Structures are given as C-alpha cells and as structure tokens.
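*Asks:* only geometry, no sequence info:
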C-alpha cells in the first residue's frame, strides 16, 4: 500500500556483493531482463508501467523516476524482476 522509489544505491552499494566494475567505471544503466508475472504491484518509470527489456538510466535512478506501486491489499508477497547492468566505459551488459 505504498510507493517505493528504487534508488541508484539499490543497484550498486546495496547489492551483495556490491556493484563493482574492473575499470572502476560508474554504472550507466540497468536493463529489466525479466519482470515476474506473479507480481501484484507495478513497477513504473516516470509514471508509466515498465516492460521487459526496458533500459533505466543512472539519471532516471538519480532523479527518483523508477518506482514500485504496491497493491492495495494485506499481503506478505514481494514483487520482483531480474536485471543487467551496463557501465559507462565498455557499455557491456552484465547480469
């Protein structure tokens, strides 16, 4: 029953292990590889529902544009997606 903003830190320093690029390049973007069909809430970018394959830039994350809207129900369910990250140097996607 809440809107959560997904931050850049959630895709870098909060990961286990944290995001680490061999050349120390900053993360450039994430790509949504799979969005669970069992999700009950909705992930949005700038208020529009995201789709698989969509790219979310570092600037989108820094500007708080990537959100999750939880369903209006009592539940212990968690929504999920898998993603790849791209650094600003090599521009190679890594899961």
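*Replies:* It's in. These numbers were taken from a predicted model, which means no experiment stands behind them.

*Asks:* Please count neighbours and contacts with C-alpha atoms only from this point.
*Replies:* Will do.

*Asks:* mind checking the backbone torsions on the residue nearest to residue 93 when sequence neighbours are not counted?
*Replies:* Nearest residue to residue 93 in three dimensions, chain neighbours excluded: residue 86, at 4.6 Å (C-alpha to C-alpha, 6 or more residues apart in numbering). Backbone geometry at residue 86, expressed as degrees, to the nearest 10, gives phi -120, psi 130.

*Asks:* And for residue 53?
*Replies:* According to degrees, to the nearest 10, the main-chain angles of residue 53 amount to phi 90, psi -10.

*Asks:* Enumerate every residue touching it.
*Replies:* Residue 53 makes contact with 31-34 under the criterion C-alpha atoms under 8 Å, 6 or more residues apart in numbering.

*Asks:* is the residue nearest to residue 93 in a bridge, and if so with what?
*Replies:* With DSSP bridges applied, residue 86 shows beta-bridge pairing to residue 29, residue 93.

*Asks:* Could you count how many residues lie near it?
*Replies:* Residues lying near residue 86 (other C-alpha atoms under 10 Å) number 22.
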